[in-house]
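Asker: here is my input; please provide its structure:
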Amino acid sequence: MCLAIPSKIVQKSGNLAVIDVDGVRRDANLMLLEDAEVGDWVIVHAGFAIHKIDEKSALETISFLREAAEFSERQP
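Answerer: Predicted coordinates:
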C-alpha cells in the first residue's frame, strides 16, 4: 500500500522544493506540476509532488492521519 502525504512547499528552486508536513521537512521534486509555488499545498508520493490541493483539504487529511497513527499506537 502506498500513502501520499499533503505537504506545504516552503522553498523552491527550479523543479526542486523543500516541503513541510507537520513540522518535518523533506526534499521533493516538482517536475510533474507546472504551477507549484511556495505556499502551495501538494500531495507528495515517493518524493514527487503529484497534485496541488487546497489548504483546508490538506489540513483535514493531516488531522485524519494523526488520528489513525494515535489509534494504531493504542492497539496491542
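Asker: so A58 makes contact with P6?
Answerer: Yes: with contacts counted by C-beta atoms under 8 Å, A58 reaches P6, the gap being 3.7 Å. (C-beta placed from N, C-alpha, C; glycine too.)
Asker: my read: A49 touches E34, true?
Answerer: No: the pair A49 / E34 is not scored as a contact, 11.1 Å apart, by C-beta under 8 Å.
Asker: okay, these two: which has more neighbours?
Answerer: A49 (24 against 7; other C-beta atoms under 10 Å).
Asker: give me the phi and psi for that one.
Answerer: Main-chain dihedrals, A49, degrees, to the nearest 10: phi -70, psi 120.
Asker: secondary structure class for the closest residue to it other than its chain neighbours?
Answerer: Nearest non-adjacent residue to A49, counting by C-beta to C-beta, 6 or more residues apart in numbering: V42, 4.0 Å away. Three-state assignment for V42 (DSSP: H, G, I helix; E, B strand; the rest coil): strand.
Asker: how near is V42 to E70?
Answerer: 25 Å (C-beta to C-beta, to the nearest Å).
Asker: between these two, which is the more surrounded one?
Answerer: Taking other C-beta under 10 Å, V42 and E70 do not tie; V42 has more neighbours (25 against 9).
Asker: what's near enough to touch that one?
Answerer: 6-9, 19, 28, 30, 33, 36, 49-53 (C-beta atoms under 8 Å, 6 or more residues apart in numbering).
Asker: only whichever of the residues you listed are buried, select them in PyMOL.
Answerer: Buried residues among the contacts of V42 (16 or more other C-beta atoms under 10 Å), as a PyMOL selection:
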select buried, resi 6+7+8+9+19+28+30+33+36+49+52
